[in-house]
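Engineer: Curious how this folds, go ahead:
(chains A and B)
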Protein chains: 2
Amino acid sequence: MACALVRSALRRKPPLQPAGADRRRYSLRSGTLERAIAAFRSVSGDEGVSLGEAVREQHGRDESVHKCRPPDVVVFPRCVEEVSALAKICHQYQLPIIPFGTGTGLEGGVGALKGGVCFSLRNMDEVLDLHQEDFDVTVEPGVTRKALNSYLRGTGLWFPIDPGADASLCGMAATSASGTNAVRYGTMRENVLNLEVVLADGSVFHTAGRGRRPRKTSAGYNLTNLFVGSEGTLGILTKATLRLYGIPESMVSAVCSFPSVQAAVDSTVQILQTGVPIARIEFLDDVMIGACNRFNSLSYPVTPTLFLEFHGSSKSLEEQVSITEEITRENGGGDFAWAEDEEMRARLWKARHDAWYAAQALRPGCKAYSTDVCVPLSCLPQIIVETKEDLMRNHLTGPIAGHVGDGNFHCIMVLDPDDPDEVQRVHEFTERLARRALAMDGTCTGEHGVGLGKRTLLREELGPQAMEVMQRLKATLDPKNLMNPGKVL
Amino acid sequence: MACALVRSALRRKPPLQPAGADRRRYSLRSGTLERAIAAFRSVSGDEGVSLGEAVREQHGRDESVHKCRPPDVVVFPRCVEEVSALAKICHQYQLPIIPFGTGTGLEGGVGALKGGVCFSLRNMDEVLDLHQEDFDVTVEPGVTRKALNSYLRGTGLWFPIDPGADASLCGMAATSASGTNAVRYGTMRENVLNLEVVLADGSVFHTAGRGRRPRKTSAGYNLTNLFVGSEGTLGILTKATLRLYGIPESMVSAVCSFPSVQAAVDSTVQILQTGVPIARIEFLDDVMIGACNRFNSLSYPVTPTLFLEFHGSSKSLEEQVSITEEITRENGGGDFAWAEDEEMRARLWKARHDAWYAAQALRPGCKAYSTDVCVPLSCLPQIIVETKEDLMRNHLTGPIAGHVGDGNFHCIMVLDPDDPDEVQRVHEFTERLARRALAMDGTCTGEHGVGLGKRTLLREELGPQAMEVMQRLKATLDPKNLMNPGKVL
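Structural biologist: Reported below is the predicted structural model:
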C-alpha cells in the first residue's frame, strides 16, 4: 500500500525549487521547508511526517554526551520507495538527510548539525528473507539485533554480533559496530553480504546486486564494505543481508581475577596464540569490577578481571576450558567462577553489559561518555597502565572495560556536565588517550565510529592523503553534501 | 639507495607534455613513449626499464586463455618512491599503468589492452614488519604467499589463504583471492589490515593510515576493502599488512567418496550446520577425480568426492572427525582415506592442487580455462547437476572442482584453442553457467575476479545502478583512466 501511495505522489509535480539553496541552516521561515514538508506528506501521509518538538528532540540525540541537535522535521517512511521519494524531495530542496535507527550511537552521529530531515526507519521493521540452509537473512532497517534473534528462535541459527545496545542492524552496519563476540565472529564488516542503499539523489541500488548472497565474491569493487561504516554520510541503508551462524551446542562462561593488568592481557594473548576459538574475552579493571559489584550486588574480587565465554560442542568446550584455565593459572589468575546454564550465563553477562550503568552509578546525577581506542594486542598492557595513571593524576572517574581479544577497550568516563573544568579535563584526557593509541599503531575508534567527536583525531590517524581520498569518494556519491553533513570527514 | 636515486631524478625537470594525449593506443612512433622511457631510466636506471620483446610478452599474459597483450615497456621499481615517481611520469604522458605481481591471474587482468607501462613489482620482495605477538605482518608487493610462509617458519604463525598458485600477496589482495582454506580463515577481504597504495597521479597513501594495524577499526570509510579486489584499476598496491594465524597443533586430511553430488553437498551443508570448524572441504566430481587418479597414479573411486582437512588440537580433531564421519556415513559416503602426517597430507593435497594439470592432461596439447561461480550453499547440488548435463550435451571436457564450503566451484574447461567451434561452445557454456549462478542469487566470480573476461556478466550481476556507482568511484580516483584500463568496468 505504501508503495502505491508513493507512486501516486511521484506522479504529482513537485513545487519549484527555492533560491538560496546553499544556506548553512534551513529554517521554517524560508518557506522552503514548508514546501518540502507538503511534498513529504504527499508521500508518507500526515502520520508519516512529524514536526513536534518532542519527536524532533528525540531524533536529535543519541546516547553520547553530544548535545541534542534536533532536525527540522522527522519522516517515517514505510518502504524503500518512500525513502527514495522523500530523498528526492530533500535533494530537490537541498535539505540535509540524517538516517536514524534506534539512536543508540555513541559519537553524536544523528545530530542534525545543519538542520534538515531525519529519516526514522523504525516503521521498516520486517525480516524479509530467511535462508536457513544458506545461513543468511535479509532485514529492513528497523529490525534490531534482538528482534532478529527472537525471529530466529527455533531455527538453530543466530546473529552473534552484539554491541550491547539493542541497536538496529542497519545502524550497526552504518557504524561498523562489533562488541563482545567480535573476537570469534568478526564485526559488521565481515558479516554483511549485501546492502540496499538510497543515495542522496534518491536513486536506489544494491551494493552486491539485487538479491545476491554468495558467501564470497570477487565481482567488482567491494561497495558493501564502503557503506558499512559510512555512518549515514554516503547513503541510507534500507536493507541488509547478513550472515547467520549455527547456535553452538554448548556455551559456558567464566569469570577470572588477576593480580595485574599485564597478567590478564598476557593470558589473553596466550589464549589466542594457542588457537582456542574463544567467543568472548572481556577485560574489566579493578574500578569497573568494583562498580559492577555494587550495581549488581556481586562480590567478585576487586582486581583486573576477565569475563570469558566458550562456544562449541560439550567435548570441545572441556578442552577449550582446560587450556584456558592452565594459561590463566600460569599467569597468576584465580579460580574460575563458572556459569554453565543459561540463567547463570545471562546473570554473568548482565553484569558485564550493565557496566555502563554501573559506571554511572558511581556518581549519581552525572553523565557517562565512552572512549573507544583499539591497539595491537601486545600494546594493551602498556596503554591500560598509562591510561589508569592518567585518570588518577587528573582525578577522573573512568572505569575500563574492553574487548581485549581485539585490542579494543573503553574508559567509561563519568562526569558532571555542569562542571566546565571537569568537562575540559575529560576532553583533554580522551584526546591524550586517542593519541596514545595512535602512537602504538592503533585507532581512535575500534567500533563506535567517528561521528561528531572524532573528526580531528581521524585526520591525525589517517593522514591528509587518505582523508583526501575519503573526501573525494564522499563528493562523488553525495556532491551536494546532503547525507548526514558534518559527520566523519 | 633506490630512494636517493628517485629523489635526484625528481629534482630534474620532466620533459614537456606531448599533445594528443587521449589516443587509444600508445606507440613507440609518437615520440611520447621515448621521452617517458628516458624519464623512467632516470628513475630506475637502465636495468629497471625493459623494452625487450620477450620481457614484454611475459608481462602481457597471465595463466588464462586470454591472448597476450604486451605492454610497451616494463619497469621494475625497487621502492614505493620509485613506483610513485614512475607513476607521475605515466600520469604526465597519459600512459596506462598495469601492475604486475606473478602473472598467475586467471581472467586476463594483466593484459595491456591499450599498451602502456607494466609495473613489475618483483624487485620489491621484502617482508617488512613481523609482529608475532600481534599476529600481523607487512609485506612488499613482490612477496609471494609461499615466500611469506617460508619466512614465518619457526615462529608458530602462518598465512593460510591459499589460492593454489604461488601468487604475490598484493596480487591476491588485488583480485580478492581466496582458495581452499577460505571456509575457515576467510578471503583476502577479511585478512588485509592496511594497504599502501600509489594512485594514478603518483600520490601515495595508506588505506588505514600509515603503519596502523589494529585488529578492528571504525575510523572512516573502509578504503582497505575498496582496494582489495580492485584489480589494479584504482591504484598500485605497494605494501600489505596482513593478519596471521597460529599454526594449529594438529592437522588431518581425509578423502571420502559419495554416491551422488547431492550426497556430497548435503554432507557439506550438514557439517557446516553443526559448527565443525572445518578448514578445507573440497569437492571433485567423477571426471575430476578420474583425471587426478590418472595424473597422480592414484586409485580413488571415480565418484563425487570430498577432500577434507581439519585443524585444531589433537583432542578437538578427534571430535571434528567423528562428527564429520557420522554425517558423511548417513549420506552414503564411503570410508575415509586418512592422511595424518605431513608427507601424506602433502601428497593428498598435491592431488587436489594438481587438478588444473590433471585436467589438462585429459587432452594433451589443449589449453585449460577455469570458470568460477559461487552460489548459496543450498543451490550447489542443482547447479552442479545442471552444469554436468550441459557439459555432456555439448560434448565439452570440464571436470569440476570446488570450494564447496563457500558455495564456490570451478569447471576446468579443457579446449583446443585452434578449434573455433569448440572455443565458441566453451564460451557459450561459461556464459550459461554464470547466468545459472546469477539466477540462483550467486555471483559470476567467487575468487578469480572480473578482469577482461567477465565485464558483461558483471553488469548483469550488479545492475546498472551499482555499476554506475563503481564507475563514479573509478572516475574520481583515476580521472584519466590510466590504471589498468579496460578491466573490470
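
Engineer: For chain A, give me the ranges with low pLDDT.
Structural biologist: Applying pLDDT under 70 to chain A picks out residues A:1-30.

Engineer: what residues go with each domain of it?
Structural biologist: Recorded structural domains for chain A (assignment: automatic domain parsing) are A:2-120, A:127-246, A:250-357, A:364-439.

Engineer: can you map out the strands along the stretch 1-150 of chain A?
Structural biologist: A:49-50, A:73-75, A:97-100, A:117-120, A:127-131, A:136-139 (DSSP state E, counting those that start in this stretch).

Engineer: Just name the most buried of those.
Structural biologist: strand A:97-100 (a mean of 28; mean count of other C-beta atoms under 10 Å in any protein chain shown). Placement of C-beta: from N, CA and C, glycine included.

Engineer: Now do that strand: distance to the chain's middle.
Structural biologist: Centroid separation between strand A:97-100 and its chain, computed with C-alpha atoms, centre = their mean, to the nearest Å, is 15 Å.

Engineer: Give me the neighbour count for the closest residue to chain B within the stretch 201-350 of chain A.
Structural biologist: With C-beta to the nearest C-beta as the measure, A:Phe205 is the residue of the stretch 201-350 of chain A nearest to chain B, at 3.4 Å. Residue neighbour count, defined by other C-beta atoms under 10 Å in any protein chain shown, stands at 21 for A:Phe205.

Engineer: Redo the strands of the stretch 1-150 of chain A as CSV? Include distance to chain B.
Structural biologist: Converted to CSV, the strands of the stretch 1-150 of chain A look like this (distance: least, C-beta to the nearest C-beta, whole Å):
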stretch, distance to chain B
strand A:49-50, 27
strand A:73-75, 23
strand A:97-100, 16
strand A:117-120, 19
strand A:127-131, 6
strand A:136-139, 7
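
Engineer: ok so, going back, hang on, isn't the residue of the stretch 201-350 of chain A closest to chain B packed against B:Ala466?
Structural biologist: Yes - using C-beta atoms under 8 Å, A:Phe205 is in contact with B:Ala466, at 4.8 Å.

Engineer: center of chain A, which residue is that?
Structural biologist: A:Ala177 (3.8 Å; C-alpha atoms, centre = their mean).

Engineer: Give me the phi and psi for the residue nearest to that residue when sequence neighbours are not counted.
Structural biologist: In this structure, A:Ala177 finds its nearest non-sequential neighbour in A:Pro163, 4.4 Å apart by C-beta to C-beta, 6 or more residues apart in numbering or on different chains. Torsion angles at A:Pro163 (phi, psi; degrees, to the nearest 10) stand at phi -80, psi 10.

Engineer: same deal with A:Gly442?
Structural biologist: Per degrees, to the nearest 10, the backbone of A:Gly442 is at phi -100, psi -160.

Engineer: burial of it, as a residue count?
Structural biologist: Count around A:Gly442 with other C-beta under 10 Å applied: 28.

Engineer: what do you get for the one 4 residues further on?
Structural biologist: Close neighbours of A:Gly446, defined as other C-beta under 10 Å, add up to 29.

Engineer: what's the distance between A:Ser168 and chain B?
Structural biologist: Using C-beta to the nearest C-beta, to the nearest Å, we find A:Ser168 at a distance of 16 Å from chain B.

Engineer: Tell me who's in contact with that residue.
Structural biologist: A:Gly101, A:Thr102, A:Leu121, A:Arg122, A:Pro141, A:Gly142, A:Val143, A:Thr144, A:Arg145 (C-beta atoms under 8 Å, 6 or more residues apart in numbering or on different chains).

Engineer: Give me the buried subset of those residues.
Structural biologist: Buried members of those, scored by 16 or more other C-beta atoms under 10 Å in any protein chain shown, are A:Gly101, A:Thr102, A:Leu121, A:Arg122, A:Pro141, A:Gly142, A:Val143, A:Thr144, A:Arg145.

Engineer: Confirm for me that the last one is in contact with A:Pro160.
Structural biologist: No - with contact taken as C-beta under 8 Å, A:Arg145 and A:Pro160 are classed as non-touching, separated by 9.2 Å.

Engineer: In space, what's closest to A:Leu226 - neighbours in sequence excluded?
Structural biologist: B:Leu226 (5.7 Å).

Engineer: Centre of the chain to stretch A:184-201, how far?
Structural biologist: 12 Å.

Engineer: what about that stretch, near chain B?
Structural biologist: Yes - contact between stretch A:184-201 and chain B, assessed by C-beta under 8 Å from any C-beta of the partner chain, occurs at A:Gly186, A:Thr187, A:Arg189, A:Glu190, A:Leu199.

Engineer: Spell out which parts of the stretch 51-200 of chain A neighbour chain B.
Structural biologist: A:131, A:133-136, A:156, A:175-178, A:182, A:186-187, A:189-190, A:199.

Engineer: Of those residues, keep whichever come out buried.
Structural biologist: In these, the ones that pass as buried (16+ other C-beta under 10 Å) are A:131, A:134-136, A:175-178, A:182, A:186-187, A:189-190, A:199.

Engineer: Just the ones of those residues in helices?
Structural biologist: Assigned to helices by DSSP state H, the following of those qualify: A:Thr175, A:Ala182, A:Arg189, A:Glu190.

Engineer: and the third one, what is it in contact with?
Structural biologist: Translated: A:Arg189. A:Ser176, A:Asn225, A:Val228, A:Gly229, B:Lys216, B:Asn222, B:Asn225.

Engineer: could you dump the residues you listed to TSV with distance to A:His427 and secondary structure?
Structural biologist: Listed next are those as TSV, based on distance: C-beta to C-beta, whole Å; DSSP: H, G, I helix; E, B strand; the rest coil:
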residue	distance to A:His427	secondary structure
A:Ser176	24	coil
A:Asn225	32	helix
A:Val228	29	coil
A:Gly229	25	coil
B:Lys216	25	coil
B:Asn222	28	coil
B:Asn225	32	helix
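
Engineer: can you list contacts of the longest helix seen in chain A?
Structural biologist: In chain A, with assignment by DSSP H, the single longest helix is helix A:455-477. Outside helix A:455-477, the residues within contact range by C-beta under 8 Å, 6+ apart are A:199-200, A:226, A:233-235, A:431, A:434-435, A:438, A:443-445, A:450, A:481, A:483, A:487-489, B:199, B:203-210, B:212, B:219-221, B:223, B:226, B:469, B:472-473, B:475-477.

Engineer: and the residues you listed, which are buried?
Structural biologist: A:199-200, A:226, A:233-235, A:431, A:434, A:438, A:443-445, A:450, A:481, A:483, A:487-489, B:199, B:203-210, B:212, B:219-221, B:223, B:226, B:469, B:473, B:476-477.

Engineer: Sort out for me which of those are in strands.
Structural biologist: B:Val204, B:Phe205, B:His206 (DSSP state E).

Engineer: filter those residues down to the ones close to chain A.
Structural biologist: B:Val204, B:Phe205, B:His206.

Engineer: The last one contacts B:Leu195, correct?
Structural biologist: Pointing back at B:His206 there. Yes - contact criterion C-beta under 8 Å: B:His206 and B:Leu195 qualify, at 7.0 Å.

Engineer: so what sits against both of those two?
Structural biologist: B:Lys239.
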